[in-house]
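Visitor: Predicted model and sequence follow; I will ask about them next.
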Amino acid sequence: MIMDDCIFCKIANGQIGSETVYEDERFRAILDLSPAVKGHVLILPKEHFDDLFEADDETLGEALKLAKKLGAAVKKALDCDGINIVQNNGEAAGQTVHHLHFHIIPRYNGGEKIVTWPQLKSDPKEQAVIAARIIENI
Ligand code: 5GP
Ligand code: ZN
């Protein structure tokens, strides 16, 4: 399904122009308009899914394979030392466009930290409780 009020539906399906680096029947990959670094690519499925949880497993599998293929191309093209694949779900996680997408972000040795989090101390008892709760919900 394509949503009328979704900018990534319009971009993915060619109704709005973009700097496209890859296109097939199911996906379009574009350069991010406000890149974290030069060569920041977004993979968009042409079909609308709000996020990871709405998408079917086949689309997700294909998207990750495409992230590998395009990640390798970005690595060669930008001569970077590493690649982050980032995928945000929900506003709390930093998702601003609610159409599933994968970020491919080139990274350089000694470069600025982009994907980072505090490394909290963990308590073994609490960890066991949390693990049990997750296991119950799989
Ligand atoms: P999110 O924060 O939802 O994971 O990522 C959304 C990304 O889409 C951001 O990095 C933002 O710069 C990019 N973006 C938002 N609107 C447009 C647009 O119209 N064109 C392109 N190429 N990128 C966009
Ligand atoms: Zn959409």
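Guide: Arrived safely. Ligands and ions are numbered 1, 2, ... in the order given.

Visitor: Run a quick neighbour tally on the closest residue to residue 90 other than its chain neighbours.
Guide: The shortest distance from residue 90 to any non-neighbouring residue, by C-beta to C-beta, 6 or more residues apart in numbering, is to residue 51 (6.8 Å). Just so you know, the C-beta spots here come from the backbone N, C-alpha and C atoms, and that holds for glycine as well. Using other C-beta atoms under 10 Å, residue 51 has 16 neighbouring residues.

Visitor: Kindly report the same for residue 59.
Guide: 17.

Visitor: for residue 40, same thing?
Guide: Neighbours of residue 40 (other C-beta under 10 Å): 21.

Visitor: was I right about it contacting residue 102?
Guide: No: when contacts are counted by C-beta atoms under 8 Å, residue 40 is not listed as touching residue 102 (11.4 Å).

Visitor: residues in contact with the residue nearest to residue 90?
Guide: 89, 90, 95, 98, 100 (C-beta atoms under 8 Å, 6 or more residues apart in numbering).

Visitor: Got phi/psi on the residue most central in space within the chain?
Guide: Residue closest to the average C-alpha location in the chain (C-alpha atoms, centre = their mean): residue 102, at 1.9 Å. Here is the backbone geometry of residue 102 (degrees, to the nearest 10): phi -120, psi 130.

Visitor: Can you name the residues bridging to it?
Guide: Applying DSSP bridges to residue 102 yields these beta-bridge partners: residue 43.

Visitor: isn't it right next to residue 60, touching?
Guide: No: using C-beta under 8 Å, residue 102 makes no contact with residue 60, being 9.5 Å away.

Visitor: Report the secondary structure state of residue 22.
Guide: strand (DSSP: H, G, I helix; E, B strand; the rest coil).

Visitor: and it, what are its bridge partners?
Guide: The partner residues for residue 22, given DSSP bridges, come to residue 29.

Visitor: right, and it touches residue 29 too?
Guide: Yes: using C-beta under 8 Å, residue 22 is in contact with residue 29, at 4.0 Å.

Visitor: Right, I'll call it a day here.
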